[in-house]
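Participant: Sharing a model prediction with you, sequence too.
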Amino acid sequence: MKSNYAVIGLGLFGSSIVNTLLENHQEVLVIDKKEESVDKFRDVATEAVVADTQNELALRQLGIGNFDNVFVAIGTDLEASIMTTLICKDLGVKHLVCKAENARHAQVLEKLGADEIIQPERDMGERIALHVMEPKILNDLKLKGELAVVEFELTNAKFFNQSLKELNLTNRYKVSVIAISHADEEGAAIPNQSTVVEQGDVVTVIGTRKDVQKFEDIATK
């Protein structure tokens with residue numbers, strides 16, 4: 001099943017998200033209060049709208065609550081970020097990813113119910129430090145080309161109470177489980193072929209983007 005996306009705020013961070021989604025042939029609604037920012041995406045995005053996202057009526061009219069994934073990528077205007085996040089949650093956005101300027105901002109967004117919170121400068125700083133310390137490990141995680149690593153909860157009962165050997169995911173779906181977290185245990189573990197998949201397990205899967213997405217659609221029904 002193909003997801004749809006909305007990106008609110010078209011600065012460097014938001015624009016990067018939009019470009020990546022478009023490169024992967026996703027349907028994207030882009031929103032910003034500045035017309036010149038929106039104009040950059042009018043010919044490439046599914047829909048490009050100039051709007052004040054602190055206005056609940058504007059977001060309601062855009063059907064923001066119907067989107068699978070919404071990115072609130074608003075920059076230094078913390079009030080706009082907070083109000084937009086609050087309205088998106090009230091309107092029923094399924095998965096809300098928010099940019100935070102600092103730790104305090106992140107705490108507020110978390111209390112408002114943001115599903116994921118990203119602090120780009122902090123996260124990039126951590127990544128660069130890790131790269132300097134362990135360049136080989138980080139390079140391996142970049143996964144050049146079509147490979148993707150995705151984590152999700154298995155909710156399709158057809159996969160429950162079977163070992164990875166019995167499920168034979170590599171041959172059936174062209175993906176491999178590289179980590180698994182059981183609902184009754186803390187943290188994730190590296191599985192082996194005798195590892196049994198149970199209801200509530202969260203798995204980390206590797207494969208091509210296409211195969212991983214296809215398997216996730218089946219495994220989360």
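Facilitator: Here it is on my side, so go on. Residues are numbered from 1 along each chain as shown.
Participant: Show me the shaky parts of the protein.
Facilitator: Within the chain, the ranges that satisfy pLDDT under 70 run 1-2, 130-131, 134-146.
Participant: And the strands in it, which stretches?
Facilitator: Here the chain has its strands, by DSSP state E, at 4-8, 27-32, 47-50, 69-72, 95-99, 116-118, 147-153, 162-163, 176-181, 196-197, 202-208.
Participant: Next, format the ones you listed as JSON lines and append distance to L86 and mean neighbour count.
Facilitator: All C-beta spots, glycine's among them, are computed from the backbone N, C-alpha and C. Shown next, in JSON lines, are the strands of the chain (distance: least, C-beta to C-beta, whole Å; neighbours: other C-beta atoms under 10 Å):
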{"stretch": "strand 4-8", "distance to L86": "13", "mean neighbour count": "24"}
{"stretch": "strand 27-32", "distance to L86": "16", "mean neighbour count": "24"}
{"stretch": "strand 47-50", "distance to L86": "20", "mean neighbour count": "17"}
{"stretch": "strand 69-72", "distance to L86": "10", "mean neighbour count": "25"}
{"stretch": "strand 95-99", "distance to L86": "10", "mean neighbour count": "22"}
{"stretch": "strand 116-118", "distance to L86": "14", "mean neighbour count": "16"}
{"stretch": "strand 147-153", "distance to L86": "26", "mean neighbour count": "14"}
{"stretch": "strand 162-163", "distance to L86": "43", "mean neighbour count": "14"}
{"stretch": "strand 176-181", "distance to L86": "31", "mean neighbour count": "17"}
{"stretch": "strand 196-197", "distance to L86": "38", "mean neighbour count": "19"}
{"stretch": "strand 202-208", "distance to L86": "28", "mean neighbour count": "19"}
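Participant: among those strands, which is nearest M133?
Facilitator: With C-beta to C-beta, the closest approach to M133 among the strands of the chain belongs to strand 147-153: 20.7 Å.
Participant: Show me how far that closest one is from its chain's centre.
Facilitator: Offset of strand 147-153 from its chain centre (C-alpha atoms, centre = their mean, to the nearest Å): 10 Å.
Participant: same for it, what does it pack against?
Facilitator: strand 202-208, helix 209-219 (3 or more C-beta pairs under 8 Å, 6 or more residues apart in numbering; DSSP states H and E).
Participant: Those: which one's closest to A73?
Facilitator: Once the helices and strands packed on strand 147-153 are compared by C-beta to C-beta, helix 209-219 is nearest, at 22.4 Å.
Participant: now the angle from that closest one to strand 176-181?
Facilitator: Helix 209-219 runs at 50 degrees relative to strand 176-181, counting by axes from the mean of the first three to the mean of the last three C-alpha atoms, to 10 degrees.
Participant: can you list contacts of helix 209-219?
Facilitator: By C-beta atoms under 8 Å, 6 or more residues apart in numbering, the residues outside helix 209-219 that reach it are 1, 24, 146-150, 152, 154-156, 159, 169, 173-175, 203, 205-207.
Participant: which ones are touching T170?
Facilitator: Listed by C-beta under 8 Å, 6+ apart, the contact set of T170 reads S176.
Participant: what's the spacing between it and L78?
Facilitator: T170 sits at a distance of 47 Å from L78 (criterion: C-beta to C-beta, to the nearest Å).
Participant: How about K174?
Facilitator: For K174, the distance to L78 (C-beta to C-beta) stands at 44 Å.
Participant: My read is that E101 contacts T76, right?
Facilitator: Yes: the pair E101 and T76 qualifies as a contact (C-beta atoms under 8 Å) at a distance of 6.3 Å.
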